[in-house]
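Here is a sequence together with a model predicted from it:
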Amino acid sequence: MITVAVGTFMAILDGSVANTALPTIARELHTSAAESIWVVNAFNLAVTMSLLTFASLGDALGYSRVYTIGLTIFTLGSLGCALSPTLPILIASRALQGLGSAAVMAVGPAIYRQIYPHDQLGRALGLSGVIVATSSAAGPTIGGTILAVAPWPWIFAINVPLGIFAVLFSRRALARERGTGGRLDPASIVLSALGLGSTIYAIDGFARHTPLAIVALEAALGLACTFAFVFRSRRLPRPLISFDLFSQGTFSLATLTALCTYVAQGLAFISLPFFFQSALGRTPFESGLLLTSWPLAVACIAPLAGRLSDRYPAGILSTLGLAILASGLALYALMGAHPSALAIVVHGAICGIGFGFFQSPNNRSLIGSAPRAKSGSASGILATVRLSGQTLGAAFVGIIFGTLGASLAMGGAIEVTVRSATPIALWIACTFAASGAILSGLRLGHRQVAVSEG
């Protein structure tokens with residue numbers, strides 16, 4: 001658990017910690033802000049394009065082996081980032097980091113299934129929820145603290161000793177299980193990478209205000225490659241991802257529930273900081289503190305929800321959690337133009353409690369409903385859905401803010417745009433959370449597939 005926790009913490013933390021250092025990196029490497037954005041984009045695209053490949057490798061080679069390889073790649077990428085003298089080298093090192101992070105995230109939940117007995121899987125995923133929540137909350141704080149006392153390379157250098165420890169410890173602590181064997185299909189790897197990468201980049205293009213024609217071309221390429229990937233996978237005896245998992249009602253409903261919920265989370269996490277800083281005049285540090293109550297509540301609730309999911313149906317727990325999340329998002333949307341800090345913190349805590357009750361039981365339902373030999377496929381699908389949902393939520397915010405900004409341009413100030421746009425974004429987030437609750441409730445009509453753990 002320690003070695004998996006360390007790897008997961010670093011993989012998720014580095015997805016956001018670099019955002020804090022972008023202005024400093026751009027200044028010290030003598031580059032523009034637009035070019036420095038690729039420090040983030042390279043990492044995200046590498047993760048997106050390789051998740052399914054590493055998930056399939058986990059099934060074929062063994063999850064522990066792929067996890068250790070991922071940790072090694074991530075540590076080497078971190079060292080490269082810390083020693084980068086120019087922006088192109090830094091971007092290439094960040095892409096290497098992203099590959100390692102994808103391997104860690106793709107097989108992490110499958111390893112929890114090996115560590116814990118089947119009847120305690122919810123407890124394991126509850127602890128995983130704590131790790132994810134705390135690393136997400138700690139990103140801006142850790143980044144800001146390091147920059148306050150050291151140069152920007154130390155944001156990446158701090159991963160090197162932790163990564164070496166995790167690699168050495170994983171070789172001793174994790175069981176060396178045998179995979180299913182077989183070779184991966186190169187065409188499927190290329191099609192899945194292009195399909196996911198192009199589609200996610202096209203969705204994110206809305207948030208970056210990319211010209212519509214370019215977004216349409218990226219989306220068309222992504223959808224065409226995705227269609228070809230699915231079509232080819234159904235004809236292969238050993239596909240990259242086992243799409244037959246979706247024939248199970250429990251797995252499909254858990255996946256759709258997760259997608260709706262992560263879209264809602266993306267909408268809230270992107271729109272609220274704009275509101276805090278542009279409309280309320282808060283500093284970035286204060287804005288981060290105001291949002292901290294959400295992940296902290298998740299960290300407190302996730303272990304309890306995980307334990308309960310070992311005893312009660314995920315349909316009940318996740319539906320309750322998403323109803324609470326929808327209520328918290330509605331309170332955010334109704335908080336008015338000048339809310340107090342206490343009200344903001346309380347609303348965030350309500351959202352975090354709801355999200356915590358959703359996350360662990362839903363993940364247990366998704367991972368637990370897959371046959372043991374296909375745990376890697378289930379883990380990869382879960383990670384892909386999380387990233388896709390959050391990206392789609394960010395794109396919705398970009399569309400809403402851009403549309404209202406254009407219509408209010410004659411009125412003048414960005415504060416007016418943000419005050420008008422944020423409640424709309426939050427109501428849409430509430431709608432997605434409520435939709436997730438409905439989908440989650442449908443699982444009560446499905447019997448959980450019994451999976452042999454022998």
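That came through fine. Everything quoted here is computed from the prediction, not taken from an experiment.

Could you check stretch 366-377 and say which residues are buried?
Across stretch 366-377, burial judged by 16 or more other CB atoms under 10 Å covers 366, 367, 368, 369, 370, 374, 375, 376, 377. Bear in mind the C-beta positions are built from the backbone N, C-alpha and C, glycine included.

from the chain's centre, how far out does that stretch sit?
Taking CA atoms, centre = their mean, to the nearest Å, the mean C-alpha location of stretch 366-377 is offset from the chain mean by 19 Å.

now swap in stretch 47-67 and tell me
Taking CA atoms, centre = their mean, one finds the center of stretch 47-67 at 17 Å from the center of the full chain.

got the residue ranges for the strands in the protein?
Along the chain, counting by DSSP state E, no stretch forms strands.

Any regions of it where pLDDT drops low?
For the chain, residues meeting the criterion pLDDT under 70 lie at 15-16, 19-20, 33-34, 136-138, 140-141, 179-182, 206-209, 284-285, 404-416, 445-454.

biggest helix in it by residues?
helix 375-407 (DSSP state H).

what packs against that one?
Other elements packing on helix 375-407 under the criterion 3 or more CB pairs under 8 Å, 6 or more residues apart in numbering; DSSP states H and E are helix 38-61, helix 63-82, helix 87-115, helix 186-207, helix 249-274, helix 341-368, helix 414-442.

can you pull the contacts of residue 436?
256, 257, 258, 260, 261, 264, 322, 358 (CB atoms under 8 Å, 6 or more residues apart in numbering).

With residue 330 instead?
426, 427, 430 are the contacts of residue 330 under CB under 8 Å, 6+ apart.

Distance-wise, check the second one relative to residue 265.
From residue 427 across to residue 265, the span is 15 Å (CB to CB, to the nearest Å).

Neighbour count: those two, which is higher?
residue 265 (25 against 15; other CB atoms under 10 Å).

my guess is that one contacts residue 389, does it?
Yes: with contacts counted by CB atoms under 8 Å, residue 265 reaches residue 389, the gap being 7.3 Å.

want to throw the helices and strands packed on helix 375-407 into CSV with distance to residue 178?
Formatted as CSV, these follow (distance: least, CB to CB, whole Å):
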stretch, distance to residue 178
helix 38-61, 9
helix 63-82, 10
helix 87-115, 12
helix 186-207, 22
helix 249-274, 25
helix 341-368, 20
helix 414-442, 35
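
Figure out which of these is closest to residue 176.
Proximity to residue 176 (CB to CB) singles out helix 63-82 among these, at 5.9 Å.

how big is the angle separating the closest one from helix 38-61?
160 degrees (axes from the mean of the first three to the mean of the last three CA atoms, to 10 degrees).

what angle do helix 63-82 and helix 87-115 make?
160 degrees.

Just the buried positions in helix 63-82, please.
Buried, per 16+ other CB under 10 Å, within helix 63-82: 63-82.

Likewise for stretch 421-431?
Using 16+ other CB under 10 Å as the test for burial, stretch 421-431 gives 421, 422, 423, 424, 425, 426, 428, 429, 430, 431.

For residue 263, see how far away residue 396 is.
Distance from residue 396 to residue 263, by CB to CB: 7 Å.

same deal with residue 283?
Taking CB to CB, one finds residue 283 at 28 Å from residue 263.

And for residue 162?
Residue 162 sits 32 Å away from residue 263 when distances are taken as CB to CB.

Give me the more crowded residue out of those two.
Under the criterion of other CB under 10 Å, the comparison of residue 162 against residue 263 puts residue 263 first, with 27 against 17.

my guess is that one meets residue 386, correct?
No: taking contacts as CB under 8 Å, residue 263 lies outside contact range of residue 386: 10.4 Å.

residues in contact with the residue nearest to residue 159 when sequence neighbours are not counted?
Distances taken as CB to CB, 6 or more residues apart in numbering place residue 78 nearest to residue 159, at 3.8 Å, with adjacent residues excluded. Shown in contact with residue 78 (CB under 8 Å, 6+ apart): 14, 93, 97, 156, 157, 159, 160, 163.

Repeat the analysis, applying 10 Å as the threshold.
Residue 78 is in contact with 10, 14, 93-94, 96-97, 100, 155-163, counting by CB atoms under 10 Å, 6 or more residues apart in numbering.

do residue 354 as well
Residues near residue 354 by CB under 10 Å, 6+ apart: 261, 264, 294, 297-298, 301, 318, 320-329, 433, 437.

Relative to residue 399, how far out is the nearest residue to residue 401 once chain neighbours are set aside?
What sits nearest to residue 401 in space, not counting adjacent residues and going by CB to CB, 6+ apart, is residue 421, at 4.9 Å. Using CB to CB, residue 421 is found at 10 Å from residue 399.

go on, residue 105?
According to CB to CB, residue 105 stands 27 Å off from residue 399.

again, but for residue 281
On the measure of CB to CB, residue 281 and residue 399 end up 25 Å apart.

Between those two, which has more neighbouring residues?
Neighbour tally, residue 281 and residue 399, criterion other CB under 10 Å: the higher count belongs to residue 399, 15 against 9.

my guess is that one contacts residue 425, does it?
Yes: between residue 399 and residue 425 there is a contact at 9.5 Å, judged by CB atoms under 10 Å.

Can you lay out the buried residues of stretch 421-431 as JSON lines showing distance to residue 336?
What follows is these, written out as JSON lines (distance: CB to CB, whole Å):
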{"residue": "421", "distance to residue 336": "15"}
{"residue": "422", "distance to residue 336": "11"}
{"residue": "423", "distance to residue 336": "9"}
{"residue": "424", "distance to residue 336": "15"}
{"residue": "425", "distance to residue 336": "15"}
{"residue": "426", "distance to residue 336": "12"}
{"residue": "428", "distance to residue 336": "18"}
{"residue": "429", "distance to residue 336": "17"}
{"residue": "430", "distance to residue 336": "16"}
{"residue": "431", "distance to residue 336": "20"}
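
count of neighbours near residue 223?
Counted with other CB under 10 Å, residue 223 comes out at 14.

now it, nearest residue through space, not along the chain?
Spatial nearest neighbour of residue 223, excluding adjacent residues (CB to CB, 6+ apart): residue 199 at 6.5 Å.
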